[in-house]
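In: Got a sequence here, can you build the structure:
(2 chains)
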Number of protein chains: 2
Amino acid sequence: MIKPSTVPGTMELLPAQQLAFDKMIDTIKKCYQNSGYTPLETPLMEKSEILLTKSGGETEKQIYFAVPTGSLGETEQLPKYALRFDLTVPLARFVAQHENDLSFPFKRYQIQRVYRGESAQKGRYREFYQCDVDIIGKDNLSIAYDAELIALIYRVFTALQIGKFTIQINSRKLFKGLFQSLDIDEETTKLVMREIDKLEKIGEEKVKTSLQTWLSSEQTEKIFAFLNIKNSTNPLQELEKFAPNNQIFAEGKQELEKIWEILKYYELKSDFFQFNPCIARGLDYYTSTVIETSLDEHPQIGSICSGGRYENLATHYTKSSLPGVGISIGATRLFYQLDALGLINYPENSSASVMIACLDEKYLAEYIQINKILLENNISNFVYWQADKLKKQFKFADKSKVKFLLMIGEEEQKNEEITVKNLETGEQNNVKFGEIAKYLLNYL
Amino acid sequence: MIKPSTVPGTMELLPAQQLAFDKMIDTIKKCYQNSGYTPLETPLMEKSEILLTKSGGETEKQIYFAVPTGSLGETEQLPKYALRFDLTVPLARFVAQHENDLSFPFKRYQIQRVYRGESAQKGRYREFYQCDVDIIGKDNLSIAYDAELIALIYRVFTALQIGKFTIQINSRKLFKGLFQSLDIDEETTKLVMREIDKLEKIGEEKVKTSLQTWLSSEQTEKIFAFLNIKNSTNPLQELEKFAPNNQIFAEGKQELEKIWEILKYYELKSDFFQFNPCIARGLDYYTSTVIETSLDEHPQIGSICSGGRYENLATHYTKSSLPGVGISIGATRLFYQLDALGLINYPENSSASVMIACLDEKYLAEYIQINKILLENNISNFVYWQADKLKKQFKFADKSKVKFLLMIGEEEQKNEEITVKNLETGEQNNVKFGEIAKYLLNYL
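Out: Numbers count the residues shown, from 1 in each chain, chains lettered A, B, ... in the order given. Below you'll find the model as predicted:
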């Protein structure tokens, strides 16, 4: 006998939870679709050379390679295929591969699982869902798309009903321009941005201390003067005080102002989004807008939806200039965290609303007749086929979370009636065969 | 530069095809849900010891193992994790693992991809979708569930609208009983069933020849007398002529008769299902009912939905008796084949029905106002944010397969009107801002 168990760091849900998870995914998908994003699914496996194009040693250490039985033990070369660790690399490969078949701006959503060869520990997933949308332009892409994505985040999390959230927005161009004006080189800029990313976690003092490894006190102070405008009433207006003659800083400022103008038209509630100069997003590929989203009452969860703009998606595969902007929701981690906080909206019913009990097998014809009538009226239902004790069937109906239990026995068959029990209210009624769909539709 | 390409033997679709594929999956899913099956998703990776429990050397040769970067080159032992090659092994593991949390009969659907380390060749997939439903009982499971699944197959393929199909049904118990009565041992029975499976492909003569490796002419003739009842008017009635005193044969006959009785209540069109004594299903684990489904006009496709009953699902993990019955649709292969035959119903529209053109950025407020009104009315739509030449925008709308193009310029803004072009009919109308949702809903 083998003990049945799953691979650590993966998610597997029991039916009630799975239904709730599916409902969450469906809500996200519906929002994406309604805004004109087309679906994309890419194969789980990519050629290893493609997955390894992404710079940064961390990633390479976390890849799962796919090795077929026949190739086990071959040590001389890298396995040919590996599992995707995000949806951005496959998107870049896809867009470059099908550049001539796509219309730009190409708007796609992709809801698939990704894989990381992490050591298993609490909160670390080896397999998790990402729900991404990206818009890829050719040669150029209006900044309005960044605003569209912010409005989309607003709609998604409003629809999910998980409490008050704040979308925090910044532009990497501000950092880049400010640091240029302070004579900080590009290499140091990256290191500094990574430290700034830790601000909320470790606090101002610790970040200041580590910045002084590379920077003068004056540089550090100027950076913090910039970061601290987040506390002013209108932080966007404060920007004019910084890096006055720097081109890139000015671009970042203009882009943010344009985004704010468009968000005004969207009439989002103003306390749901804010300019936050402290948002850096450690990942290298963002080049201007960066976005994070947090739940106001549960800041410990961290960002529940992040993204940003990158100036060129697919440099490894094509000479075309393909600027893009995208966001991503890590649905697996989000689901677990929301569930732990009691914030998941569990569906009231299982996938069927009605169970037809089996009082005696001699009424199978009637059970099937009702089953068919309900299906024709789009009422999900099933027959419990075994004439088990009624108590057992009630228990089953209860655990299956159906809303109605239908019973037909001798009396009912004679009168062409059904005994209908509403399991939520306990109410019980007799309903004619021909009226059953109408009756149930009143409640469903 | 790296040439962007996918792993051979995997499916990747362009947007229009992906929409059609998603529509197919949604149809299947909806049918499964409406009959009260709950969703299940299992992790891609299983522990290797679990995947290797399935008997049969073929499978072991085709497994992809998942090897993280840090473990590359370790040759001494089998990798710990591997990718699932079907959905039945994960189901067995899941049910055994959560036996105490589930209510039986446990009805689940599972629509996920599976992986085979096949050498890539035409028509062989290394990654493909399976759309499975199974019902698992505890200790016993009414034969009515087999009939329910046949009715479900009927509904699924009727809903998919891919032409006339036939569900072919047999019971392995007939083979087992018949062969017992002919003194053929169990080992030979398996070999013979595998040959019978090839009947349609290679013809009666060749199968007869290979059967004579193990059987006498008399045995072979008696088997073919049995197989040939499929040509009689009522093959089920012919069964009484065979294996008269064999218990298992009698059970098979009774079960089929019970299934036929129930199917009568379902009122399926009778030419959509038939008893076919030639259906063997090579896989070892089926023990009674076996089911195959074929398209009448495209027999070369082979079975588009197969399944059957197994007397015990999870013997490797638990001593509980867990009989089950299930069916599976191989959606990836099916989609390709239907697409090649022109049988795929492509959705008329992309994921959005309406595009709002950008005549001038100064009307962004109006564009967003309309975008919001439509979303509130559940009309999928998007703004084309860049004031590109109208010709380019028309082309984009056309390629995106939206149904309506909405335009607001100077004149329209002044009159609070929208120019609405129906891209399918070419019709063009002016509609007041406040009436746009009502107007479009008439057509959508």
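In: pretty sure residue A:421 contacts residue A:405?
Out: Yes. If you go by CB atoms under 8 Å, residue A:421 and residue A:405 touch, sitting 4.6 Å apart. Every C-beta, even on glycine, is put in place using the N, C-alpha and C of the backbone.
In: Could you check which of these two has the larger neighbour count?
Out: Taking neighbours as other CB atoms under 10 Å in any protein chain shown, residue A:421 and residue A:405 compare with residue A:405 leading, 23 against 19.
In: burial count for residue A:80?
Out: Residue A:80: 15 neighbours (other CB under 10 Å).
In: Can you tell me the closest non-neighbouring residue to it?
Out: The shortest distance from residue A:80 to any non-neighbouring residue, by CB to CB, 6 or more residues apart in numbering or on different chains, is to residue A:48 (6.0 Å).
In: ok, the one you found - contacts?
Out: A:63, A:65, A:78-82 (CB atoms under 8 Å, 6 or more residues apart in numbering or on different chains).
In: Return a ChimeraX selection command for the buried portion of those residues.
Out: Buried residues among the contacts of residue A:48 (16 or more other CB atoms under 10 Å in any protein chain shown), as a ChimeraX selection:
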select /A:63,65,79,81,82
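In: Quick one: the contacts of residue A:48 as a markdown table, columns for secondary structure and distance to residue B:369 too.
Out: As requested, the contacts of residue A:48 are exported to a markdown table (DSSP: H, G, I helix; E, B strand; the rest coil; distance: CB to CB, whole Å):
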| residue | secondary structure | distance to residue B:369 |
| --- | --- | --- |
| A:63 | coil | 47 |
| A:65 | strand | 51 |
| A:78 | coil | 54 |
| A:79 | coil | 54 |
| A:80 | coil | 52 |
| A:81 | strand | 49 |
| A:82 | strand | 47 |
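In: Have a look at the contacts of residue A:48 and tell me the least confident one.
Out: Scanning the contacts of residue A:48 for pLDDT, the low point is residue A:78. It has 88.
In: gap between it and chain B?
Out: Going from residue A:78 to chain B by CB to the nearest CB, to the nearest Å gives 7 Å.
In: thought that residue was touching residue B:72?
Out: Yes. Using CB under 8 Å, residue A:78 makes contact with residue B:72 at a distance of 7.5 Å.
In: okay, and the common contacts of those two?
Out: residue A:65.
In: which neighbours does the host helix or strand of residue A:329 have in its sheet, and in what orientation?
Out: Under the criterion of DSSP states H and E, residue A:329 resides in strand A:324-330. Strand A:324-330 has the following sheet partners, assigned by DSSP bridges: strand A:127-136 (antiparallel), strand A:306-310 (antiparallel).
In: hmm, who's touching whichever helix or strand comes after that strand?
Out: Counting by DSSP H and E, the next helix or strand C-terminal to strand A:324-330 is helix A:331-340. Here helix A:331-340 makes contact (CB under 8 Å, 6+ apart) with A:11, A:17, A:20-21, A:24-25, A:28, A:111, A:113, A:123, A:125, A:127-131, A:162, A:298, A:301, A:304, A:344.
In: Show me which of these are buried.
Out: A:11, A:17, A:20-21, A:24-25, A:28, A:111, A:113, A:125, A:127-131, A:162, A:298, A:301, A:304, A:344.
In: Just those: which are in helices?
Out: A:17, A:20-21, A:24-25, A:28 (DSSP state H).
In: which stretches of chain A have low pLDDT?
Out: Where chain A drops to pLDDT under 70, the residues are A:54-60, A:120, A:122-123, A:283.
In: let's go with 80 and repeat that
Out: Within chain A, the stretches with pLDDT under 80 are A:53-61, A:73-76, A:118-123, A:282-284, A:348-351.
In: centroid residue for it?
Out: Residue closest to the average C-alpha location in chain A (CA atoms, centre = their mean): residue A:329, at 2.4 Å.
In: these two touch, right, that residue and residue A:156?
Out: Yes. Using CB under 8 Å, residue A:329 makes contact with residue A:156 at a distance of 7.4 Å.
In: Mutual contacts of these two, please.
Out: Common contacts of residue A:329 and residue A:156 (CB under 8 Å, 6+ apart): A:28, A:305.
In: Near chain B, which residues of the stretch 251-400 of chain A are found?
Out: Those residues of the stretch 251-400 of chain A that sit near chain B, judged by CB under 8 Å from any CB of the partner chain, are A:261-262, A:265-267, A:314, A:316-319, A:350-352, A:355, A:364-365, A:368-369, A:372, A:375, A:378, A:380-383, A:385-386, A:395-396, A:399-400.
In: Buried subset of those residues, written for PyMOL?
Out: Listed next is the PyMOL selection for buried residues among those, using 16+ other CB under 10 Å:
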select buried, chain A and resi 262+265+266+314+316+317+318+350+351+352+355+364+368+369+372+375+380+381+382+383+385+386+396+400
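In: Among the residues of the stretch 251-400 of chain A next to chain B, name the ones in strands.
Out: Using DSSP state E, the members of those that fall within strands are A:355, A:381-383.
In: and which of those residues is nearest residue B:324?
Out: residue A:382 (16.1 Å; CB to CB).
In: Excluding covalently adjacent residues, which one is nearest to the closest one?
Out: Leaving out its chain neighbours, the residue that sits closest to residue A:382 by CB to CB, 6+ apart is residue B:36, at 3.3 Å.
In: can I assume the one you found is in contact with residue A:352?
Out: Yes. Counting by CB under 8 Å, residue A:352 is a contact partner of residue B:36 at 3.3 Å.
In: Find residues that contact each of these two.
Out: In contact with both residue B:36 and residue A:352: A:380-382, A:400, A:402, using CB under 8 Å, 6+ apart.
In: Please identify the one among these that lies nearest to chain B.
Out: Ranked by distance to chain B (CB to the nearest CB), the shared contacts of residue B:36 and residue A:352 are led by residue A:382 at 3.3 Å.
In: That closest one pairs with what?
Out: Per DSSP bridges, the residues bridged to residue A:382 are residue A:355.
In: what's near enough to touch it?
Out: Applying CB under 8 Å, 6+ apart to residue A:382 gives the contacts A:352, A:354-356, A:371, B:35-36, B:107, B:148.
In: what's the farthest-apart pair in those?
Out: A:354 and B:148 (14.9 Å).
In: still on that earlier bit, does the residue nearest to residue A:382 belong to a helix or a strand, and which?
Out: Using DSSP H and E, residue B:36 is not contained in any helix or strand.
In: how many other residues sit next to it?
Out: Neighbour count for residue B:36, taken as other CB under 10 Å: 25.
In: show me the contacts for it.
Out: Residues in contact with residue B:36 (CB under 8 Å, 6+ apart) are A:350-352, A:355, A:380-382, A:400, A:402, B:107.
In: which one among those gets closest to residue A:246?
Out: Of all those, residue A:246 sits closest to residue A:351, with 57.5 Å by CB to CB.
In: ok, and the closest non-adjacent residue to that closest one?
Out: Once flanking residues are discounted, residue A:351 sits nearest to residue B:33: 4.4 Å by CB to CB, 6+ apart.
In: Tell me the secondary structure at the one you found.
Out: With DSSP: H, G, I helix; E, B strand; the rest coil as the basis, the three-state label of residue B:33 is helix.
In: repeat for residue A:108
Out: With three-state DSSP as the criterion, residue A:108 reads strand.
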